[in-house]
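Asker: fold the following and give me the result.
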Amino acid sequence: MDTIQRIRNHFNDSAELKLAAVDTLASPIARAAAMMTECLLADGKLLACGNGGSAADAQHFAAEMVGRFERERPELPAIALTTDTSIMTAVANDYDFGQVFSRQVRALGRSGDVLLAISTSGNSGNVCAAIAAAHEREMRVVALTGKGGGRIGELLGPGDVHICVPHSVTARIQEVHILAIHCVCDAIDASLLGDEA
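Answerer: Next up, the predicted model:
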């Protein structure tokens, strides 16, 4: 096994996908950032959810909003629904794991808020349930998926934004998801603070 070549292959595959997908994804990423900026300017908040690596991405996004991305700015209201173990384990134990995000969305979400729903397959049941709960609360949804979008693609409404990575390998999809999240963070900052010179 040539480990160096395998590493090179991963770098090349990741770079090739990102360059190939930019024309497809730039517009929905820009729409997602505009939707979130509009929400924040209206004193709304951003909720984010996902499982596994997507849970980490949800937390990463919330951290960039509440802390900062690359420039100093006031804190922005964002909550990762993946971090409260007492809520998650209580809901999973008393109801079922499929409701760990949807119950939080119904408890915390309000009309005008935005849900960032992340699922590489597009088929995560608890993320699908969170999207349904967001629609009940008259929230808009930004979905980050791959593999054709799965069930999540079917749940989204005309006011939602779907950023669907055109690939089938989970690792590659996740790599583009974090790039998309960084692009959204940068666009929000640019909208709120102005373009940097």
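Asker: list the contacts for residue 78?
Answerer: 45-48, 61-62, 65-66 (CB atoms under 8 Å, 6 or more residues apart in numbering). Where C-beta positions appear, they are placed from N, C-alpha and C, glycine not excepted.
Asker: hey, what's the spatially most central residue of the chain bridged with?
Answerer: By CA atoms, centre = their mean, the chain has its centre lying nearest to residue 116, at 4.0 Å. On the basis of DSSP bridges, residue 116 takes part in beta bridges with residue 48, residue 142.
Asker: how near is residue 33 to residue 107?
Answerer: According to CB to CB, to the nearest Å, residue 33 stands 26 Å off from residue 107.
Asker: these two: which has the busier surroundings?
Answerer: Per other CB atoms under 10 Å, whichever of residue 33 and residue 107 has more neighbours is residue 33, with 22 against 11.
Asker: now the longest helix anywhere in the chain: average pLDDT?
Answerer: Longest helix of the chain, by residue count under DSSP state H: helix 3-41. Helix 3-41 comes out with an average pLDDT of 97.
Asker: which of the residues in it are buried?
Answerer: Buried residues in helix 3-41, counted by 16 or more other CB atoms under 10 Å: 14, 17-18, 21, 25, 28-29, 31-33, 35-37, 39-40.
Asker: of those, closest to residue 165?
Answerer: The nearest member of these to residue 165, counting by CB to CB, is residue 21 at 6.3 Å.
Asker: elements contacting the longest helix of the chain?
Answerer: Applying 3 or more CB pairs under 8 Å, 6 or more residues apart in numbering; DSSP states H and E, one finds that helix 3-41 contacts strand 46-49, strand 114-118, strand 140-146, strand 161-165, helix 170-193.
Asker: that one: how far from the chain's middle?
Answerer: On the basis of CA atoms, centre = their mean, to the nearest Å, helix 3-41 sits 12 Å off its chain's mean C-alpha point.
Asker: how about stretch 64-76?
Answerer: That offset, for stretch 64-76, works out to 17 Å (CA atoms, centre = their mean).
Asker: that stretch: end-to-end distance?
Answerer: Stretch 64-76 has an end-to-end distance of 9 Å (CA to CA, to the nearest Å).
Asker: distance between stretch 68-77 and the chain's centre?
Answerer: 18 Å.
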